[in-house]
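Participant: Predicted structure and sequence below. I'll ask about it afterward.
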Number of protein chains: 2
Amino acid sequence: MNCLSLTNTPLFHGIREDEIREMLSCLNAREQEYKKGEVILRAGDSVTEVGLVENGSVNIVVNFYWGNSGIFGHVTQGSVFGETYAAIPGKELLNDVVAAEDCLILFLDMRHLTTTCSSSCVFHQRIVQNLLRIFAQKNIGMSSRMMHIAPRSLRERLLSYLSEQAMEHGSAQFSIPFDRQQLADYLGVDRSAMSNELSKMQRDGLISYKRNEFTLHEAAEEG
Amino acid sequence: MNCLSLTNTPLFHGIREDEIREMLSCLNAREQEYKKGEVILRAGDSVTEVGLVENGSVNIVVNFYWGNSGIFGHVTQGSVFGETYAAIPGKELLNDVVAAEDCLILFLDMRHLTTTCSSSCVFHQRIVQNLLRIFAQKNIGMSSRMMHIAPRSLRERLLSYLSEQAMEHGSAQFSIPFDRQQLADYLGVDRSAMSNELSKMQRDGLISYKRNEFTLHEAAEEG
DNA sequence: GCAGGTATGTTGTTGTAACAACAAGGAGGG
DNA sequence: CCCTCCTTGTTGTTACAACAACATACCTGC
């Protein structure tokens, strides 16, 4: 049933399967199955556990005051949810977590995760580092997206994104991991408007591109 | 010189001043002063330490490919910076950290923070929990802002924000912590356009407000 | 090579939000 | 009280991005 090897999850990365099995009881872990559509966590709950998706996937659902709701995140096999709220004791959950398909969730108590027990301190440390890394990666992802969405104009958003990509690749020439539609969604703009703006930027000599291959040009080339 | 009590910082919260002093050597801590404008961390650096602002404040500065740059964050006394990158070994910093004024920084090695030493395990645990809380709060702040900025239209952004505020206050009537300009900046829109939209929404019967006091109305009231 | 589908680019129209400029309320100080 | 500063609301104009509809390029299986 459980096809997922916990060693390969971000949370247990660096710990052997047999060591994990040993830890689970000490960690006060519990497994629970959910049918598609079942609510796993509800807005208003006080969360003390991290949920690890062993099978299937879950949606993060936000409910608005006027009754409508929207899917704000999707957590797939091997990833965790609820960690943000579990890390702030007493903080009430602001969204629902709903099974996107039939799924199996492993719940781990946050306090047990972060508190060293007598038997396996070294693994606790490892898990803590993994947890911190998970948070940090989420943080980086969100803050760079924020950075790109902050400018008002379409062109500035594109420049901000391409600028960062160039930085990351350490080169003015690179390929991006998105197709046009995905990039548009990421930047929160319309796809065709974006395509349009890209070709204007190319005409203006700022960039050149072919499909996903981009090259950034110098700013002031007019001597 | 050091007017800041470390006990009152989010990182050392819950640990007494004298206990902190004891820990600092064990934590491999070092203090360093910077003059206004000095670069504390530079894009491309590999960061292993968390910086705690004991005095003054620092700016997070992003450099774009075309030479321009922008201030993307401001870290004040008692708060930390660099924690995100220190939590991901090997990850290169994507922005500069610059002294916004003369300042004193306490550097703490991330590995020492998260690795229990023989003498004071209980405080390490506390610090780890504090670190996780710091990350989690940053996460919540960013993801809710992302949520509000995601919609294209001004009205939807306002509804998203007001909806969340109602949730948090547990009531359809509440006051918001922003003035109009701050709210506009937060939502990434123009202030006057927002004021305009707010009055339209009031005319449409969706909400009513007076200054910072808002009341949300039912969606379908036509009976 | 051809057919069908998908991804990308192009164009024109329309709505909406930024912008600018100003009016109307408070709040605080002399 | 008057004056000034600051915040908020209002209006009209303009620029720009969403939208729709279509054209072209690219890919895949046949």
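Facilitator: Here it is on my side, so go on.

Participant: From here on, just use CA atoms for contacts and neighbour counts.
Facilitator: OK.

Participant: Would you mind measuring from the residue nearest the centre of chain A to DNA strand C?
Facilitator: Central residue of chain A (CA atoms, centre = their mean): residue A:138, 5.2 Å from the mean position. As judged by CA to the nearest atom of the strand, to the nearest Å, residue A:138 and DNA strand C stand 25 Å apart.

Participant: check contacts around the spatially closest residue to residue A:62 that is not a sequence neighbour.
Facilitator: Setting aside the residues directly before and after it, residue A:62 is nearest to residue A:95 in space (CA to CA, 6 or more residues apart in numbering or on different chains), at 4.8 Å. In this structure, residue A:95 makes contact with A:42-44, A:60-63, judged by CA atoms under 8 Å, 6 or more residues apart in numbering or on different chains.

Participant: List only buried entries from these.
Facilitator: Buried by 16 or more other CA atoms under 10 Å in any protein chain shown: A:42-43, A:60-63, out of those.

Participant: Now, those residues that are in helices?
Facilitator: Judged by DSSP state H, those include no members of helices.

Participant: CSV for those residues, including pLDDT?
Facilitator: What follows is the buried ones among the contacts of residue A:95, written out as CSV (pLDDT from 0 to 100):
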residue, pLDDT
A:42, 97
A:43, 95
A:60, 96
A:61, 95
A:62, 93
A:63, 91
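
Participant: Within reach of DNA strand D, which of the residues you listed are there?
Facilitator: Among the buried ones among the contacts of residue A:95, no residue lies close to DNA strand D (CA under 7 Å from any atom of the strand).

Participant: Could you dump those residues into JSON lines with distance to residue A:142 added?
Facilitator: Putting the buried ones among the contacts of residue A:95 into JSON lines (distance: CA to CA, whole Å) gives the following:
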{"residue": "A:42", "distance to residue A:142": "24"}
{"residue": "A:43", "distance to residue A:142": "22"}
{"residue": "A:60", "distance to residue A:142": "16"}
{"residue": "A:61", "distance to residue A:142": "18"}
{"residue": "A:62", "distance to residue A:142": "18"}
{"residue": "A:63", "distance to residue A:142": "21"}
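
Participant: Now intersect those with the strands, please.
Facilitator: Restricting those to those inside strands, with DSSP state E as the criterion, leaves A:60-63.

Participant: Could you point out the helix or strand that follows the strand or helix carrying residue A:85?
Facilitator: Element membership for residue A:85, per DSSP states H and E: helix A:83-86. On the C-terminal side of helix A:83-86, the closest following helix or strand by DSSP H and E is strand A:96-99.

Participant: before we move on, the earlier item: contacts only, for the residue nearest to the centre of chain A.
Facilitator: Here residue A:138 is in contact with residue B:139 (criterion: CA under 8 Å, 6+ apart).

Participant: if we can go back for a sec, got a pLDDT number for the residue nearest to residue A:62?
Facilitator: Model confidence at residue A:95, given as pLDDT, is 95.

Participant: From residue B:163, how far off is it?
Facilitator: Plainly put, residue A:95 is 12 Å away from residue B:163 if you go by CA to CA, to the nearest Å.

Participant: How about residue A:74?
Facilitator: When CA to CA is applied, the distance between residue A:74 and residue B:163 equals 22 Å.

Participant: Who has more neighbours out of those two?
Facilitator: Neighbours were tallied for residue A:74 and for residue B:163 using other CA atoms under 10 Å in any protein chain shown; the higher tally belongs to residue B:163 (19 against 16).

Participant: Looks to me like the more buried one is in a helix.
Facilitator: Yes. Secondary structure assignment places residue B:163 in a helix (DSSP: H, G, I helix; E, B strand; the rest coil).

Participant: For it, which non-adjacent residue is closest in space?
Facilitator: For residue B:163, the nearest residue in space outside its immediate sequence neighbours is residue A:65; the separation is 5.0 Å by CA to CA, 6+ apart.

Participant: hmm, back to that, and of the buried ones among the contacts of residue A:95, the nearest to residue B:27?
Facilitator: Minimum separation from residue B:27 among the buried ones among the contacts of residue A:95 (CA to CA) is found for residue A:60, which lies at 38.1 Å.

Participant: Contacts only, for the closest one.
Facilitator: For residue A:60, the contact set (CA under 8 Å, 6+ apart) comprises A:71-75, A:95-98.

Participant: Swap in 7 Å and give it another go.
Facilitator: A:71-74, A:95-98 (CA atoms under 7 Å, 6 or more residues apart in numbering or on different chains).

Participant: Relative to DNA strand D, how far out is it?
Facilitator: 23 Å.

Participant: I'd like to know the beta-bridge partner residues of that residue.
Facilitator: When bridges are taken as DSSP bridges, the partners of residue A:60 come out as residue A:73, residue A:97.

Participant: Quick check: residues of chain A near chain B?
Facilitator: Where chain A comes near chain B, counting by CA under 7 Å from any CA of the partner chain, the residues are A:64-66, A:84, A:87-88, A:114-115, A:125, A:132-133, A:135-136, A:139, A:142, A:146, A:150, A:160, A:163, A:188, A:218-219.

Participant: show me which of those neighbour DNA strand D.
Facilitator: Under the cut-off given by CA under 7 Å from any atom of the strand, DNA strand D has residue A:188 from the residues of chain A next to chain B close to it.

Participant: Out of the residues of chain A next to chain B, list just those in strands.
Facilitator: If you go by DSSP E, the residues of chain A next to chain B have nothing in strands.

Participant: Return the subset of the residues of chain A next to chain B lying in helices.
Facilitator: Those of the residues of chain A next to chain B lying in helices (DSSP H): A:84, A:114, A:125, A:132-133, A:135-136, A:139, A:142, A:146, A:160, A:163.

Participant: Distance to residue B:193 for the ones in strands among the buried ones among the contacts of residue A:95 - can I get that in TSV?
Facilitator: TSV is the format used below for these (distance: CA to CA, whole Å):
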residue	distance to residue B:193
A:60	31
A:61	29
A:62	26
A:63	26
